[in-house]
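J.: Fold the following, please.
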Amino acid sequence: MEPELAILVVDDEFDVAELLAELLAARGHRATSATNGVIAQGLLASADYDVVITDFMMPLMDGVELVGWMRANARLAGVPVIMISAQRDLPEAARALVQATLQKPFSPAALYAAIARVRPPARP
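T.: The predicted structure is shown next:
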């Protein structure tokens, strides 16, 4: 079984964020959800996460702004990010900031595979 990861899910659609967090928790991960980038900033500032899954288009602060903020923060710069979007083609600027992308709708298997690809090395 894969080691437990702390994963932050950020999506302005509350039901989507909660469903993804529940799917991840069922796999043994510690999943937290946020409904926008501003809330995610607060969570990222106060806790450590192994992976962030963020929506591309959100009010207040979109996924690109959130990841840009993370990359400018020394503590968060190396946290792997998976960007999710209903948009077929994400701009190259968005793709350049993240380790993986998923187009909505996606299967749980696709989500788990993306996490496996970006997951940080196991902690000693």
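
J.: Need the three-state assignment for residue 69.
T.: At residue 69 the chain is in helix, as set by DSSP: H, G, I helix; E, B strand; the rest coil.

J.: Summarise which helices and strands the lowest-mean-pLDDT helix or strand in the chain is packed against.
T.: When the helices and strands of the chain are scored by mean pLDDT, DSSP states H and E, helix 92-97 comes last with a mean of 90. On a contact count with 3 or more CB pairs under 8 Å, 6 or more residues apart in numbering; DSSP states H and E, helix 92-97 meets helix 63-71, strand 81-85. The way it works is simple: take the backbone N, C-alpha and C, and place the C-beta from them, glycine included.

J.: what bridges to residue 10?
T.: When bridges are taken as DSSP bridges, the partners of residue 10 come out as residue 34, residue 54.

J.: tell me the centre residue of this protein?
T.: In the chain, the residue lying closest to the centroid (CA atoms, centre = their mean) is residue 53, at 1.1 Å.

J.: ok, now which ones touch that residue?
T.: Neighbour list for residue 53: 7-10, 20, 81-84, 111 [criterion: CB atoms under 8 Å, 6 or more residues apart in numbering].

J.: Tell me where the chain has helices.
T.: Ranges of helices in the chain, per DSSP state H, are 14-26, 37-46, 63-71, 92-97, 108-118.

J.: ranking these by burial, who's on top?
T.: Stretch with highest mean neighbour count among the helices of the chain: helix 63-71 (a mean of 20; mean count of other CB atoms under 10 Å).

J.: ok, back up a step: could you save the helices of the chain as CSV and add columns showing distance to residue 77?
T.: Formatted as CSV, the helices of the chain follow (distance: least, CB to CB, whole Å):
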stretch, distance to residue 77
helix 14-26, 23
helix 37-46, 11
helix 63-71, 5
helix 92-97, 11
helix 108-118, 14
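
J.: between these, which gets the lowest average pLDDT?
T.: Lowest mean pLDDT within these: helix 92-97, at a mean of 90.
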